[in-house]
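>>> only geometry, no sequence info:
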């Protein structure tokens, strides 16, 4: 009888913890959806969700003239190129205007997990990094790909000889 009571108590504790975990995950999802809706209500287009830490997620948003994420941003008309990197190694890059991007720094020693980022280069020579996370199972890779493509699409192409874009 005592063993059955202990087993029932243990089952109740485990079920309660699972319930709290599920409700916490649901609450986080609802908060993210509300934040996304608030950004879109301000007339901004959400391009990607970027996990800065295990608990903090920011949006990459297109605000017309500016790409913003967290407390950082860059004017779209100042963009001249972008790079997609994993652990410091360049996977893809997109330079505009004939002048190449600055040479990349050598890749860092592998630290046991993939660290994805997108570097954004401005006309004035500044380089900004958008951290895309270290989440497993391809999640950060997918986020980094979305961010890279969004930045690439936001880069203004130079005008051609007839005034059109090349």
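Okay, I see it. Just so we're clear, the structure is a prediction, and the values are computed from it rather than from any experiment.

>>> how many other residues sit next to residue 86?
The number of residues packed near residue 86 is 16, by other CB atoms under 10 Å. C-betas here are computed from N, CA, C, even on glycine.

>>> if you could redo that for residue 146, that was the one I meant.
Neighbours around residue 146, by other CB under 10 Å: 17.

>>> apart from its neighbours in sequence, what residue is nearest it?
Closest residue to residue 146 apart from its sequence neighbours, by CB to CB, 6 or more residues apart in numbering: residue 48 at 4.4 Å.

>>> that neighbour and residue 141: what is the separation?
Plainly put, residue 48 is 12 Å away from residue 141 if you go by CB to CB, to the nearest Å.

>>> so for those two, which residue has more residues nearby?
The neighbour comparison of residue 48 against residue 141 (other CB under 10 Å) goes to residue 48, with 22 against 18.

>>> can I assume the more buried one sits in a helix?
No. Residue 48 is assigned strand when assessed by DSSP: H, G, I helix; E, B strand; the rest coil, not a helix.

>>> in contact with it, which residues?
59, 60, 143, 146, 147, 150 (CB atoms under 8 Å, 6 or more residues apart in numbering).

>>> show me what the residue most central in space within the chain is bridged to.
In the chain, the centroid-proximal residue (CA atoms, centre = their mean) is residue 50; its distance is 3.0 Å. Using DSSP bridges, the beta-bridge partners of residue 50 come out as residue 58.
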